[in-house]
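Novice: Just the structure for this:
(one chain, ligands or ions: 1)
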Amino acid sequence: MGMPDKAATVNRILENSDYVAAFQHHFGNAVFDDTDQAYAAMAESIAAFEMTTEFAPFDSKYDRSRSRYEGDDPYIMTTQESLGETLFFSEQFTNCQLCHQLKSLPGRQEELFSNHGYFNIGVPVNQAVRAANGKGASHIDHGLLDNPAVTDMAHDGKFKVPSLRNIAVTGPYMHNGLFADLTTVVLFYDKFNNVTRTLNPETGLAWAEAEVAGTVATDKLEEGGALSDAEVAAMVAFLKTLTDQRYEPLIE
Ligand code: HEC
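Specialist: Here you go, the predicted structure:
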């Protein structure tokens, strides 16, 4: 996150006396004597937190609909949500599973909905953000290639595949927040396979060109077929079932 080095990160922790006390409690009073040790303790703490049910409750409607679900309040998908799920994991009708499925079996309960890969899916520039941050219309966000450790031009314009958990309550979408609505995202993907999807419904104009055109993963994005309006709506209904139970009230 733009921190220059480990020491700077550790110094940030040292600014907070609650953190200092907790780190010393868990890792010993000498934990801050060595930067590498303190940094490793921070990483271990975050990893431990991410493994708790507080961070990852796996209690969305999607999880509660699994036959393996053993918690309270099991859920039965509606016909529409179930159609969306079938489409999402299908190799025939859509390509989503090529990037947003981690587990080898489709529909596993603790699916993370990202294969942790990096791809350029052809997202256009968000001109409003460009105007607001003053970078100017000619600036290009090269994504992964902007990392100084990455030099292979094949990585130009790639972004990490995000998890789709809680996606219905975490808009706007894409790294630059270009799309406000989940339906727009599904239509954006459908345009790779459906010649009738010529307009971005949020602007009323033709879809803008990819910010970085040369490396778009068309081999994957052109897998599958065109979706009908009803199938697009089913995909959106399915994506809403990926919302943790505590956030369900946020869905409009
Ligand atoms: C080639 C890999 C690939 C395929 C195939 C793919 N995605 Fe994605 N998806 C990505 C990447 C990479 C991003 C992040 C792009 C960005 O931020 O610019 C993304 C972003 C998204 C987002 C927005 C996430 C957010 O938090 O902003 C949604 C929703 C989404 N994808 C759903 C889908 C659906 C539904 C399908 C199938 C129709 C699909 N994706 C197919 C790689 C893929």
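Novice: rest of the way, CA atoms for contacts and neighbours
Specialist: Noted.
Novice: where exactly do the strands run in the protein?
Specialist: Assigned by DSSP state E, the chain shows strands spanning 118-119, 159-160, 199-200, 205-206.
Novice: Look at Tyr69 and report its pLDDT.
Specialist: If you check Tyr69, the pLDDT there is 87.
Novice: Can you tell me the closest non-neighbouring residue to it?
Specialist: Leaving aside its sequence neighbours, Tyr69 sits nearest to Asp63 (C-alpha to C-alpha, 6 or more residues apart in numbering; 6.6 Å).
Novice: can you pull the pLDDT of the residue nearest the centre of the chain?
Specialist: Nearest to the mean C-alpha position of the chain, counting by C-alpha atoms, centre = their mean, stands Pro162 at 2.1 Å. pLDDT, Pro162: 98.
Novice: Spell out which residues make up each domain of this protein.
Specialist: Taking automatic domain parsing as the reference, the chain has its domains at 6-50, 61-250.
Novice: for those, which one ends up most surrounded?
Specialist: Highest mean neighbour count among the domains of the chain (mean count of other C-alpha atoms under 10 Å): domain 61-250, with a mean of 17.
Novice: what's the span of that domain from first residue to last?
Specialist: 14 Å (C-alpha to C-alpha, to the nearest Å).
Novice: mind checking how far it is from the chain centre?
Specialist: Centroid displacement of domain 61-250 relative to its chain, using C-alpha atoms, centre = their mean, to the nearest Å, is 7 Å.
Novice: How about it and the ligand, touching?
Specialist: Yes: judged by C-alpha under 6 Å from any ligand atom, domain 61-250 and the ligand are in contact via 94-96, 98-99, 118-121, 123, 159-162, 173-175, 185-186, 189, 217, 220-221.
Novice: In the stretch 1-150 of the chain, what residue comes closest to the ligand?
Specialist: Distance from the ligand to each residue of the stretch 1-150 of the chain (C-alpha to the nearest ligand atom) is smallest for Cys96, at 3.2 Å.
Novice: can you list contacts of stretch 147-154?
Specialist: When contacts are defined by C-alpha atoms under 8 Å, 6 or more residues apart in numbering, stretch 147-154 is touched by residues Leu144, Leu145, Thr215.
Novice: Where do the helices of the stretch 151-252 of the chain begin and end?
Specialist: If DSSP state H, counting those that start in this stretch is used as the criterion, the helices of the stretch 151-252 of the chain fall at 182-190, 218-221, 229-240.
Novice: Which one, of the ones you listed, ends up nearest to Gly71?
Specialist: Of all the helices of the stretch 151-252 of the chain, helix 229-240 sits nearest to Gly71, with 19.9 Å by C-alpha to C-alpha.
Novice: Next, the angle helix 182-190 makes with the closest one.
Specialist: Angle of helix 229-240 versus helix 182-190, following axes from the mean of the first three to the mean of the last three C-alpha atoms, to 10 degrees, is 120 degrees.
Novice: Alpha carbons of helix 229-240, as PDB, please.
Specialist: Extracted in PDB, the C-alpha atoms of helix 229-240 (Å, rounded to 0.1, in the frame of the first residue of the first chain):
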ATOM      1  CA  ASP A 229     -31.800 -10.300 -20.300                       C
ATOM      2  CA  ALA A 230     -33.400 -13.000 -18.000                       C
ATOM      3  CA  GLU A 231     -30.000 -14.700 -17.700                       C
ATOM      4  CA  VAL A 232     -28.300 -11.500 -16.900                       C
ATOM      5  CA  ALA A 233     -30.800 -10.800 -14.200                       C
ATOM      6  CA  ALA A 234     -30.300 -14.400 -12.900                       C
ATOM      7  CA  MET A 235     -26.500 -13.800 -12.800                       C
ATOM      8  CA  VAL A 236     -27.000 -10.600 -10.700                       C
ATOM      9  CA  ALA A 237     -29.500 -12.400  -8.400                       C
ATOM     10  CA  PHE A 238     -26.800 -15.100  -7.900                       C
ATOM     11  CA  LEU A 239     -24.100 -12.600  -7.100                       C
ATOM     12  CA  LYS A 240     -26.300 -11.100  -4.400                       C
END
